[in-house]
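J.: Here is a sequence with its predicted model. Questions after.
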Amino acid sequence: MTTPHLLWLLGGVGGILILASVLGEILRVRLSPNGQNPVIENLNARIAAWWVMVILLAIAFLAGKPGVILLFALASFAALREFLTLTSYNRADHWSLVACFFVVLPLQYYFILTDWYGMYSVFIPVYVFLLLPVVSALRGSTRDFLVRVSETQWALMVCVYCVSHVPALLYLQIPGFEGRNVILIAYLIFVVQLSDVLQYVWGKLLGRTRVAPTLSPSKTWEGLIGGTLSATAIGTALWWMTPFTPLQAAALCLMLTFLGFFGGLVMSAIKRDRGIKDWGHMIAGHGGFIDRLDSVIFAAPIFFHVTRYFWSVT
Amino acid sequence: MGQAISLFARFITAPRAVWQGIDPTPNQRVYFANHSSNGDFVLLWTVLPTPLRRRTRPVAALEYWLSSPLRAFIGRDVFNAVLIDRRPEMRTEDPVALMVQALDQGSSLIIFPEGGRNSSDDPLLPFKSGLYHLAKARPGIDLVPVWIANLNRVMPKGEIIPVPLICTLTFGAPLHLDQDEPKDAFLTRTAQALLALRPQAHP
């Protein structure tokens, strides 16, 4: 499934990470030789985690469609675990929660694997939406019923449905782009995550005015504008490896970066509501899987449908 | 085998240890924790660093862990549990003496002072006196409170299939029996210290 373009993109990311690692090490020696500067320590932990994530993604790309689907199914699993840990709890939901992890999640990715578009695009929003509350209702506890079923549905939509649209990109049929769909995934993740990183960098360098002071202290207008524009510029410059023209690539990148930002914003609102800073602890320096995936979660389904509508023949 | 069970526990609950009041150094200790599920000691054992884990033995109910060959294998052979009989009329050996013996052999212990699984709505049941007698017999030992959060949601009593949710284990500052401290005061103090470790943010 590898194409020369993919190798170049991965090589480019590897180059950026080497540069970041060197810079991080210089900063550490200069400013935090004994680990006393938390910002530098966090930066280096983030860079180290990026290496792991990029290497895992590269291995999945090499392993082909099943590898990519398995990787995102596992990411969904970890994200769903983080999300459901923070929802309201009732003994009566035990079986519906078990079903989320061991029935709904595997089925959704099975439908992706078999390219059953008509099923995977309605399975969670229709069938699970209607049937899962029945499982909880049969156990008879009505306390906070609407809250409980809504939270569970949200968890599935965010962590399983949306994430599963990343590997679904592999099955689009774009004339003249056959065999290179993996580029769509790499491009989506690259642009969205680059925008996250650049928003962080611009925000740290000249962030003054907060976008949503009650939601997140680290999201600033300077970071948002600098990050989205610079990520859009870099994404547009890579148009030649995509099925898009430069203008189309620019429009899509702008859409992706803003969706990514909105994803971070909405997931921050949920975290604020629950009184937590991070979704989890599995990715050192970043927090949990949802902390890292929030922007991809919001960008993936819309990127999938826009690309499918305008470019794919299926 | 123990590794496999630990790995499974990690996969399901991604347990996180918060060493709040004490560091994971290889000193001999008695870890005492809240008990809501049979997975409690597995999880506590899992989050200990390997050198500590090797010499830490759970204290478990003999009448439960010897009731089937599989349980006996897991309890006695895999986790090397100190098995004590909770039924005073049946037992041949004094539970506190067995625990002291294990301490004297250099092991650390994991104990659940509530004496049984808590399936009530209260966060913690009143402690049985075992912790007190153990502290009295070996006053120098560090008694480390460990709050295990969320495991009762992963596997409520009576359910077979666990729900994968994240569990947090918070290790508090070590406690000791004060000179002339009465039993009830000591048991209340240790229970309070354990309750104080409960995470606040979770709903």
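T.: Here it is on my side, so go on.

J.: what does the stretch 201-314 of chain A put close to chain B?
T.: With Cβ under 8 Å from any Cβ of the partner chain as the criterion, the stretch 201-314 of chain A comes near chain B at residues A:274-276, A:280-282. No exception for glycine: its C-beta is placed from N, CA and C like everyone else's.

J.: Just flag the most distant two among the residues you listed.
T.: A:275 and A:282 (19.8 Å; Cβ to Cβ).

J.: For those two, indicate the residue with more neighbours.
T.: Set side by side, residue A:275 and residue A:282 show unequal neighbour counts under other Cβ atoms under 10 Å in any protein chain shown, the larger going to residue A:282 at 20 against 11.

J.: I'd assumed residue A:290 was in contact with that one.
T.: No - here residue A:282 lies out of contact with residue A:290, judged by Cβ atoms under 8 Å, at a distance of 10.0 Å.

J.: ok so residue A:174 is a strand residue?
T.: No - Residue A:174 is assigned coil when assessed by DSSP: H, G, I helix; E, B strand; the rest coil, not a strand.

J.: Return the residues in contact with it.
T.: Contacts for residue A:174 were tallied using Cβ atoms under 8 Å, 6 or more residues apart in numbering or on different chains; they are A:181, A:243, A:307, A:311-313.

J.: rerun at 10 Å
T.: With Cβ atoms under 10 Å, 6 or more residues apart in numbering or on different chains as the criterion, the residues that contact residue A:174 are A:180-181, A:184, A:242-244, A:307-308, A:310-314.

J.: do you know how far the residue of chain B most remote from its centre is from residue B:136?
T.: For chain B, the C-alpha farthest from the mean C-alpha position belongs to residue B:180; by Cα atoms, centre = their mean, that distance is 25.8 Å. Separation of residue B:180 from residue B:136 (Cβ to Cβ, to the nearest Å) stands at 11 Å.

J.: Kindly report the same for residue B:184.
T.: Taken as Cβ to Cβ, the spacing of residue B:184 relative to residue B:136 amounts to 13 Å.

J.: shared neighbours, these two?
T.: When Cβ under 10 Å, 6+ apart defines a contact, the residues bordering residue B:184 and residue B:136 alike are residue B:129.

J.: Residue A:116: neighbouring residues, count only.
T.: The criterion is other Cβ under 10 Å. On that basis, residue A:116 has 13 neighbouring residues.

J.: That one against residue A:314, yeah?
T.: No - Residue A:116 lies out of contact with residue A:314 (Cβ atoms under 10 Å); the separation is 11.8 Å.

J.: what touches both of those two?
T.: Taking Cβ under 10 Å, 6+ apart as the contact rule, the neighbours common to residue A:116 and residue A:314 are residue A:171.

J.: Determine the three-state secondary structure at residue 128.
T.: Since you didn't name a chain, this refers to chain A. Reduced to three states with three-state DSSP, the structure at residue A:128 is helix.

J.: quick one, what contacts it?
T.: A:96, A:99-100, A:103-104, A:107-108, A:122, A:152-153, A:156-157, A:160-161.

J.: Please apply the same query to residue A:221.
T.: Neighbouring residues of residue A:221 by Cβ under 10 Å, 6+ apart: A:202-203, A:207-211.

J.: Flag every buried residue along the strand ranked longest in chain B.
T.: Residue-count comparison of every strand in chain B, with assignments taken from DSSP state E, identifies strand B:142-149 as the longest. Buried residues in strand B:142-149, counting neighbours by 16 or more other Cβ atoms under 10 Å in any protein chain shown, are found at B:143-149.

J.: Please apply the same query to stretch B:81-99.
T.: Within stretch B:81-99, the residues that qualify as buried are B:81-86, B:95-96, B:98-99, counting by 16+ other Cβ under 10 Å.

J.: Tabulate these in a markdown table, adding columns for secondary structure, pLDDT and distance to residue A:130.
T.: Conversion of the buried residues of stretch B:81-99 to a markdown table gives the following (DSSP: H, G, I helix; E, B strand; the rest coil; pLDDT from 0 to 100; distance: Cβ to Cβ, whole Å):
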| residue | secondary structure | pLDDT | distance to residue A:130 |
| --- | --- | --- | --- |
| B:81 | coil | 91 | 47 |
| B:82 | strand | 91 | 51 |
| B:83 | strand | 90 | 49 |
| B:84 | strand | 88 | 51 |
| B:85 | coil | 87 | 52 |
| B:86 | coil | 83 | 47 |
| B:95 | helix | 89 | 53 |
| B:96 | helix | 90 | 57 |
| B:98 | helix | 92 | 55 |
| B:99 | helix | 93 | 54 |
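
J.: Could you give the backbone dihedrals for residue 110?
T.: The chain I'm using is chain A. Its backbone dihedrals place residue A:110 at phi -70, psi -40, with angles given as degrees, to the nearest 10.

J.: please go with chain B instead
T.: Here the main-chain torsion angles of residue B:110 (degrees, to the nearest 10) amount to phi -110, psi 120.

J.: what's the burial count for the residue nearest to it when sequence neighbours are not counted?
T.: Counting by Cβ to Cβ, 6 or more residues apart in numbering or on different chains, residue B:110 lies nearest to residue B:58, which is 4.3 Å off, once chain neighbours are set aside. Residues contacting residue B:58 under the criterion other Cβ under 10 Å number 22.

J.: May I ask which two of the buried residues of stretch B:81-99 are separated the most?
T.: Checking the buried residues of stretch B:81-99 with Cβ to Cβ, the most distant pair is B:81 and B:96, at 15.9 Å.

J.: rewinding a little: now, the contacts of residue A:174 that are in helices?
T.: When the contacts of residue A:174 are checked against helices (DSSP state H), the matches are A:184, A:307-308, A:310-311.

J.: if we can go back for a sec, can you list residues touching both of residue A:282 and residue A:290?
T.: Contact criterion Cβ under 10 Å, 6+ apart; residues shared by residue A:282 and residue A:290: A:78-79, A:81-82.

J.: Now distance to residue A:261 too, for these, in TSV please.
T.: Supplementary listing: these in TSV, determined by distance: Cβ to Cβ, whole Å:
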residue	distance to residue A:261
A:78	23
A:79	19
A:81	25
A:82	21
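
J.: Keep only those of these that are also close to chain B.
T.: A:78, A:81-82 (Cβ under 10 Å from any Cβ of the partner chain).

J.: isn't residue B:58 right up against residue B:111?
T.: Yes - in this structure, residue B:58 is within contact of residue B:111 by Cβ under 10 Å, at 7.9 Å.

J.: Need the overlap of contacts for those two.
T.: With Cβ under 10 Å, 6+ apart applied, the overlap between the contact sets of residue B:58 and residue B:111 consists of B:31, B:33, B:41, B:82.

J.: now, which of those residues sits nearest residue A:270?
T.: residue B:33 (30.2 Å).

J.: For that closest one, which residues are in contact?
T.: B:40-41, B:43-44, B:58, B:110-114, B:144-148, B:151, B:169-171, B:194, B:197.

J.: swap in residue A:194?
T.: When contacts are taken as Cβ under 10 Å, 6+ apart, residue A:194 is in contact with A:13, A:16, A:227, A:230-232, A:234-235, A:253, A:256-257, A:260.

J.: 6 Å instead?
T.: Taking Cβ atoms under 6 Å, 6 or more residues apart in numbering or on different chains, we find residue A:194 in contact with residue A:231.

J.: tell me the secondary structure for it?
T.: When states are read from three-state DSSP, the local structure at residue A:194 comes out as helix.

J.: Flag every residue of chain B that's near chain A.
T.: Selection of chain B residues close to chain A by Cβ under 6 Å from any Cβ of the partner chain yields B:16, B:153, B:156, B:159, B:161, B:163-166, B:201, B:203.
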